[in-house]
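Whatever this is, show me its structure:
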Amino acid sequence: MTALTVRTVAVPDPGDLLAQLPQPDVVAWVQRGAGLVGWGEAARITLPAGEDRFTAAEKWLGSVFDGARVQDRVRLRGSGAVAFGSFTFDASSDGSVLIVPQAVLGRDGHGNAWLTTVSPGGDDPPQTPPALGGAARPPKPPWPFVAPRPLAQVRWHDGSLPAPQWEQAVAEAVAAIKAGSLRKVVLAQDQYATAAEDIDARVPLRRLADRYPDCFTFACDGLIGATPELLIRRDGGEVSALVLAGTAPRGGDTAADEALGRWLLASAKDTEEHAYAVESMREALGPLCDTLDIEPRPALVKLPNLQHLGTRVHGTLAAGGPARSALALAAAVHPTAAVCGTPTGAALELIRELEHMDRERYAGAVGWVDADGNGEWGIALRCAQLSGRTARLFAGCGIVAGSDPATELAEAQVKFRPMRGALES
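Numbers count the residues shown, from 1 in each chain. Just a heads-up that it's a prediction; the model follows:
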C-alpha cells in the first residue's frame, strides 16, 4: 500500500471529544472526557477466522507504521500513528478489524489535546471539525460536518435464545460444571433493535459517555458500547488491568446500596467466579512481567446501574525480553475467565454448544495501539453491533456451580439496560 503521511499537532482543548465527530462512521475510546476519537479510514484490515488473527493484525500494522512518514509535535501516548481495533471473541469467527483513521483527536485530561491527520503519500490530510476553529491547516476540499440526527423509535426482538431457552442453557451449564472438571463458563445472549432510520452511532455514544463516565465508551467498525473492564493498558514498560467478575444491583438508597455491596463481597458464588478471572489474568500476564502486583482481595466497583467485584493489576514488563505492544499483550490475556470460563478450552466448547449464536466481536478485545506500542484495550461488553437500522445487543453472565438460572437471567437483563437506554432515549 502507499506509504502514509502522519502529522500530529497540538490543538486547543476541544472539550467533549464525541461532540467533535463530523460523521456517523467513527472510532472512539473515551473515559471521563479523555481519550481518542477518529473518523475516516486511511488503512484497514479485516481478518479471517484463526488463532493467528492477533499475530496477523500486528504484522500488518507493523508494515503500515514502519512505512509511515510521521511528524509528531506532541509525543504523548496516542499521538502520531494510531490504530483502533476490535477482535472476535472466538478464533473460529471472521471479522476482526484494525483501522488507521484519517483523523484522530486526542485529549489526555491533563490539559493536552492534539489532532493527528493521516493521508497517503504527501497528500493534504482531511479537514478538522469546525469546532476546532482551524487549529490545523485545512485541506482542500473541506471535510463536511454532518450533524447527528435524533434516533427514531426502536422496536425490540428476541435474539438467538428467548429467555426460557436461555435459562435452560444456564441450567445445562450448571449441570455440566457439577458433573465434570469445568469450574466456570460465561454464557451470553443477544437482542435486536430495529429503528425507523439508520442509527447514527454518535447519539448512543454521547448518551453512554454521559451516563457511564467511569466506563470506556468505545466504537470501532460499528461496534459501540461502554465497557467497565480494562483488559490491558501499556504505558512504556508499565502494564495494568482491571478484572471484573461478580455482580449485584445498586440499592435504591445509601443503606440498601451498602447492604448489597456487603452481600456481594461475602457471596461465595460471586467471589468464586471472581477468583477464576483473577487467576486467569495472573497465569497469562505473570510470565511476561518482572513484577506483577495483584490486589489481595476484590473491592467494589460501583456503576450507575450495577456494582461489581473488581481487582486491579499492575506490572512491569520483563526487561530484555521481546518488545510487546499493547495489542500483543491483549492477545496474550484474551480470553480471560471473566468472559469465557475456566478451564478455557472446556468453557469455550460449552459456549459453542449452548449459546446457539456467534458472539462475533462481543467479549473480544477492543481498543487502540500507537506506533510506540502503547495503548489501551478493553473487553467489548455492554455493547451493540450497528448495521443500518439494526442494532444487535449482547449481555453475559458467569456461571458456576452455585448459579441460579432465573437470577442469571435477571442479571443479564440489567446488563442490557445501558445499551437499550442509549438507543431508546
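
so what pLDDT did residue 280 get?
Per-residue pLDDT puts residue 280 at 94.

Spatially, and excluding backbone neighbours, which residue is closest to it.
In space, and not counting its chain neighbours, residue 280 is closest to residue 337: 3.9 Å by C-beta to C-beta, 6 or more residues apart in numbering. Where C-beta positions appear, they are placed from N, C-alpha and C, glycine not excepted.

and the one you found, that one's in a strand?
No: applying DSSP: H, G, I helix; E, B strand; the rest coil, one finds residue 337 to be coil, outside a strand.

Just give me the neighbour total for residue 394.
The number of residues packed near residue 394 is 28, by other C-beta atoms under 10 Å.

hang on, isn't it packed against residue 362?
Yes: counting by C-beta atoms under 8 Å, residue 394 does reach residue 362; the two are 3.9 Å apart.

any residues in contact with both of these two?
Shared contacts of residue 394 and residue 362 (C-beta atoms under 8 Å, 6 or more residues apart in numbering): 188, 190, 381, 383.

what comes up buried for the one helix or strand residue 307 maps to?
Per DSSP states H and E, residue 307 falls inside strand 306-317. Neighbour-count burial for strand 306-317 flags 306-311, 313, 315, 317 (criterion: 16 or more other C-beta atoms under 10 Å).

who does that strand pair up with?
strand 238-249 (antiparallel), strand 289-294 (antiparallel), strand 299-302 (antiparallel) (DSSP bridges).

And what about the closest residue to residue 182 other than its chain neighbours, helix, strand or coil?
Distances taken as C-beta to C-beta, 6+ apart place residue 346 nearest to residue 182, at 4.7 Å, with adjacent residues excluded. What three-state DSSP gives for residue 346 is helix.

residues contacting residue 346?
Contacts of residue 346 by C-beta under 8 Å, 6+ apart are 180-182, 185.

now these as a markdown table including secondary structure and pLDDT?
Formatted as a markdown table, the contacts of residue 346 follow (DSSP: H, G, I helix; E, B strand; the rest coil; pLDDT from 0 to 100):
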| residue | secondary structure | pLDDT |
| --- | --- | --- |
| 180 | coil | 88 |
| 181 | coil | 89 |
| 182 | coil | 95 |
| 185 | strand | 97 |
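
Quick one: these as CSV, columns for distance to residue 212 too.
Shown next, in CSV, are those (distance: C-beta to C-beta, whole Å):
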residue, distance to residue 212
180, 37
181, 37
182, 32
185, 27
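
Most neighbours among these, which one is it?
Neighbour-wise, those (other C-beta under 10 Å) top out at residue 185, 30 neighbours.

Surely that one and residue 175 touch.
No: here residue 185 does not reach residue 175: they are 11.3 Å apart, not a contact under C-beta under 8 Å.

Between the two, which contacts overlap?
Counting by C-beta under 8 Å, 6+ apart, residue 185 and residue 175 have no shared contacts at all.

and the residue nearest to residue 280, what pLDDT?
Among the per-residue scores, residue 337 shows a pLDDT of 93.

repeat for residue 147
Looking at residue 147, the pLDDT reads 77.

same deal with residue 166?
Note for residue 166: predicted pLDDT of 97.

neighbours of it, just the number please.
Using other C-beta under 10 Å, residue 166 has 25 other residues around it.

now residue 409
16.

Could you shift the numbering so residue one becomes 3, and keep it that way?
That works, and once the first residue is 3, the last one we named lands at residue 411.

Quick one: classify it as helix, strand or coil.
helix.

Without its sequence neighbours, what residue ends up closest to it?
Using C-beta to C-beta, 6+ apart, the closest residue to residue 411 is residue 169 (5.4 Å).

returning to that earlier point: now tabulate the buried residues of strand 308-319 in CSV and tack on distance to residue 355 and pLDDT.
Below are those laid out as CSV (distance: C-beta to C-beta, whole Å; pLDDT from 0 to 100):
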residue, distance to residue 355, pLDDT
308, 28, 92
309, 31, 95
310, 27, 96
311, 28, 96
312, 30, 97
313, 30, 98
315, 31, 98
317, 35, 97
319, 37, 96
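
Let me know the closest of those residues to residue 157.
Residue 157 lies nearest to residue 308 out of the buried residues of strand 308-319, by C-beta to C-beta, at 25.9 Å.

For the shared contacts of residue 396 and residue 364, name the two members farthest from one another.
Farthest-apart pair in the shared contacts of residue 396 and residue 364 is 192 and 383; separation 13.0 Å (C-beta to C-beta).

Now do the shared contacts for those two.
In contact with both residue 192 and residue 383: 364, 396, using C-beta under 8 Å, 6+ apart.

Summarise which helices and strands the helix or strand harbouring residue 393 is packed against.
According to DSSP H and E, residue 393 maps onto strand 392-401. For strand 392-401, the packing partners by 3 or more C-beta pairs under 8 Å, 6 or more residues apart in numbering; DSSP states H and E come out as helix 165-181, strand 186-197, strand 240-251, strand 385-389, helix 407-426.

Neighbouring strands of it in the sheet, and parallel or not?
Applying DSSP bridges, strand 392-401 is found paired with strand 186-197 (antiparallel), strand 385-389 (antiparallel).

Nearest to residue 418 among those strands would be which one?
Nearest to residue 418, of the strands paired with strand 392-401 and by C-beta to C-beta, is strand 186-197 at 6.2 Å.

now that closest one against helix 407-426, angle please.
30 degrees (axes from the mean of the first three to the mean of the last three C-alpha atoms, to 10 degrees).

Now the element after strand 186-197, going C-ward?
Next in sequence after strand 186-197, counting helices and strands by DSSP H and E, comes helix 204-213.

And that next one, what's buried?
So for helix 204-213, counting by 16+ other C-beta under 10 Å, buried means 204-211, 213.

Let me know the closest of those residues to residue 236.
Nearest member of the buried residues of helix 204-213 to residue 236, counting by C-beta to C-beta, is residue 211, at 23.3 Å.

Kindly state the beta-bridge partners for the closest residue in space to the closest one that isn't next to it in sequence.
In space, and not counting its chain neighbours, residue 211 is closest to residue 219: 4.3 Å by C-beta to C-beta, 6+ apart. Judged by DSSP bridges, the bridge partners of residue 219 are residue 32, residue 228.

wait, doesn't residue 219 sit right on residue 18?
No: if you go by C-beta under 8 Å, residue 219 and residue 18 don't touch, sitting 11.4 Å apart.
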